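Chemist: Quick one, fold the following:
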Amino acid sequence: MSTQATHAPAEPGTGTGAPEPHARRWDGRGGGFLVKLALMALVNAVGVSVLWAAYAQESWAIFAASLVLLVVADWVYFSRRALPLKYILPGLGFLLVFQLFSMGYTGYVALTNYGTGHNTTKEQAVDALLIQAERRVEDSPSYPLTVVQRGDELGFAIVDEGDVRVGSAEEPLTVAGNASVDGQRVTAVPGWDVVPYTTLISDTALQQRVVDLRVPVSDDADDGSIRTREGSTGQVYSSALVHDEAADTLTNTETGVVYRATDEGRFVSDDGEALAVGWRVNVGLENFTRAFADDTYSGPLLRITVWTFAFAIATVATSFLLGLVLALVFNDTRLRGRKVMRTLFILPYAFPAFLSALLWRGMLNANPDYGVVNQLFFLGTRIPWLDDPTLAKLAIIGVNLWLSFPYWFLVCTGALQSLPEDVMEAARIDGAGRWRTFRAITMPLLLVSTTPLLIASFAFNFNNFTLVYMLTGGGPRFTDTSATLGHTDILISMIYQLSGVAGGRADYGLASALSIIVFLIIGTISALAFRRTRRLEEVL
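Modeler: Model (predicted):
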């Protein structure tokens, strides 16, 4: 007797017995494929726009990375072999864009002189210097001027020797046929829209664009350009500097001084005078060596680094110990009103940190008429909490203790309630006292779950910019350096000051170099601490 194997009919188009996924089917339940197709069309549209923008700006690194991401995304979501990547790719993409790219760009900036006076490329710096040196051509006529617009492009129209001439920043003045003129002012130009003067004076942003606009008189740059100060009349301006691209120099036609391009990204004369605008150049490890060798930064850097470690360690230690003590006290079931007290203790943690820091700044005011702390607790004594270097550091640690102990109170409460009761009961049966039980059992078990959080808390307080900036602003200032740094600055606030975001001279290269140093410090300490943490697990 023979038997015949039976097989399930194959799905159409597959050639096998395996059913085709719904997302690949066009009939019935195949709507998932259409949804995926629409989403991928959107992703490709965004990707192409990013590629075009990167190409227009000649940002080839961004162009290449975006192209690779787009090709990989299309392959993953239209391939049958990359099922795991369909779930992993979005996270990897965001990691690449927001983490790895940021770190790579920070490393790139750390190797350059990027900062105030060196913000642009060499070509942009030359253009800026030529514009800054522009002067009105002596005896040049003043033309009644009409502002015209073509899409987003602005231009000027004037009447010159009976001819209407129109141009923009990219197109020199040329004769415009069939234009309309009312007296000496142009009223209509084919291909352009006339901007009414009433519209110009009511739009501040448009006024600034018009004032910044320079329309070349001709193809020869030496002929100058038309500029306006108020939008109704224009004059011919010409730069006092002449750029010789072959010799790589700028010459001042009024004084005859020649400025030559240097490797430091500046035009410098033979007597050492440098023009104000420079450009970005690669300086290697100069920023790293300058942080430790330049007296302006080396002294403050050492003191700030020591204080940063002291601040992070003291903050974590005090807040953890206080939170642990309170958790032990309120973990006793015999204590009445535990729920109400726990709620009160976590209130500081519920308020925004920056707002709490501002409130404490007011309460620690040295004047007892305004400072609640001096008025209520020190009988109106004038104590300069935020003006004395030592007191300011104690104030920061104290305020941060008030802000952070509720977090450790909650963490330790949860950890204590999760301890195995049978182990605690065995210790009591063996005759271990409370201190012996706490030291040998409770604390080791508690550290197993809290040590990773302690490491994270150390890293957070190492970069606790908000508290320092809102409470003391880094002050009081150092008196032995020209850098705008102070006794309570930590490394992250020092980087903020050097970046120039708060005003003053910016040094992005040095700030980026210090950022990398901070990253290496935190990464090294965290790696070593996590390795040591594994030993605690042996108590389980």
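Chemist: Against residue 301, how distant is residue 514?
Modeler: 8 Å (CB to CB, to the nearest Å). Every residue, glycine included, has its C-beta placed from N, CA and C.
Chemist: again, but for residue 177
Modeler: From residue 177 to residue 301 the distance is 67 Å (CB to CB).
Chemist: same check, this time on residue 75
Modeler: In terms of CB to CB, residue 75 sits 48 Å off from residue 301.
Chemist: So for these two, which residue has more residues nearby?
Modeler: Neighbours of residue 75 and residue 301, each counted by other CB atoms under 10 Å, are more numerous for residue 301; the result is 19 against 13.
Chemist: Without its sequence neighbours, what residue ends up closest to that one?
Modeler: residue 291 (5.9 Å; CB to CB, 6 or more residues apart in numbering).
Chemist: which residues does the one you found contact?
Modeler: 297, 298, 301, 510, 513, 514, 517 (CB atoms under 8 Å, 6 or more residues apart in numbering).
Chemist: burial of the last one, as a residue count?
Modeler: The reference is to residue 517. By other CB under 10 Å, the residues close to residue 517 number 18.
Chemist: Then the first one?
Modeler: When counting by other CB under 10 Å, one arrives at 21 neighbours for residue 297.
Chemist: Figure out the helix or strand that it lives in.
Modeler: Assessed by DSSP states H and E, residue 297 sits inside helix 295-330.
Chemist: Just the buried positions in that helix, please.
Modeler: Of all the residues in helix 295-330, those buried under the rule 16 or more other CB atoms under 10 Å are 297, 300-301, 304-305, 307-309, 311-312, 314-316, 318-320, 322-324, 326-327, 330.
Chemist: After it, heading C-terminal, what element do we hit next?
Modeler: Using DSSP H and E, the first helix or strand after helix 295-330 is helix 338-345.
Chemist: what comes into contact with that following helix?
Modeler: Residues from elsewhere that reach helix 338-345 (CB under 8 Å, 6+ apart): 326, 330, 335, 406, 409, 413.
Chemist: isn't there a helix covering the fifth one?
Modeler: Yes - checked against DSSP: H, G, I helix; E, B strand; the rest coil, residue 409 lies within a helix.
Chemist: hang on, it packs against residue 325?
Modeler: No - if you go by CB atoms under 8 Å, residue 409 and residue 325 don't touch, sitting 9.1 Å apart.
Chemist: residue ranges for the helices of the stretch 51-200 of the chain, please.
Modeler: 60-77, 83-95, 101-110, 122-132, 197-202 (DSSP state H, counting those that start in this stretch).
Chemist: where along the stretch 351-500 of the chain do the helices fall?
Modeler: Under DSSP H, counting those that start in this stretch, the stretch 351-500 of the chain gives helices at 353-363, 372-377, 389-417, 421-429, 434-437, 443-462, 465-471, 491-499.
Chemist: and those helices, which one's lowest on average pLDDT?
Modeler: Among the helices of the stretch 351-500 of the chain, helix 421-429 carries the lowest mean pLDDT, a mean of 80.
Chemist: How far away from the center of its chain is it?
Modeler: 52 Å (CA atoms, centre = their mean, to the nearest Å).
Chemist: Let me know the angle separating that helix from helix 443-462.
Modeler: Helix 421-429 and helix 443-462 are oriented at 120 degrees to each other (axes from the mean of the first three to the mean of the last three CA atoms, to 10 degrees).
Chemist: Would you mind giving me the confidence score for residue 516?
Modeler: Residue 516 is given a pLDDT of 94.
Chemist: Surely it is in contact with residue 110?
Modeler: Yes - if you go by CB under 8 Å, residue 516 and residue 110 touch, sitting 5.7 Å apart.
Chemist: the more surrounded of those two?
Modeler: A side-by-side neighbour count of residue 516 and residue 110, using other CB under 10 Å, places residue 110 first with 23 against 16.
Chemist: Just the closest of the contacts of residue 291 to residue 496, please.
Modeler: Checking the contacts of residue 291 against residue 496 by CB to CB gives residue 514 as the nearest, at 10.3 Å.
Chemist: element containing the closest one, please.
Modeler: According to DSSP H and E, residue 514 maps onto helix 508-536.
Chemist: Show me what residue 175 is bridged to.
Modeler: As for beta bridges, residue 175 partners with residue 165 under DSSP bridges.
Chemist: so what pLDDT did it get?
Modeler: 92.
Chemist: Once you drop chain neighbours, what's closest to residue 305?
Modeler: residue 491 is the one closest to residue 305 (CB to CB, 6+ apart), at 6.4 Å.
Chemist: Tally up the residues packed near the one you found, please.
Modeler: 23.
Chemist: Identify the residues contacting it.
Modeler: With the criterion set at CB under 8 Å, 6+ apart, residue 491 makes contact with 304, 305, 308, 462, 463, 514, 517, 518.
Chemist: May I see the buried residues of stretch 80-97?
Modeler: 85, 89.
Chemist: contact partners of stretch 476-489?
Modeler: Residues from elsewhere that reach stretch 476-489 (CB under 8 Å, 6+ apart): 295-297, 299-300, 303-304, 307, 386-389, 392-393, 396, 468, 471-475, 494, 497-498, 504.
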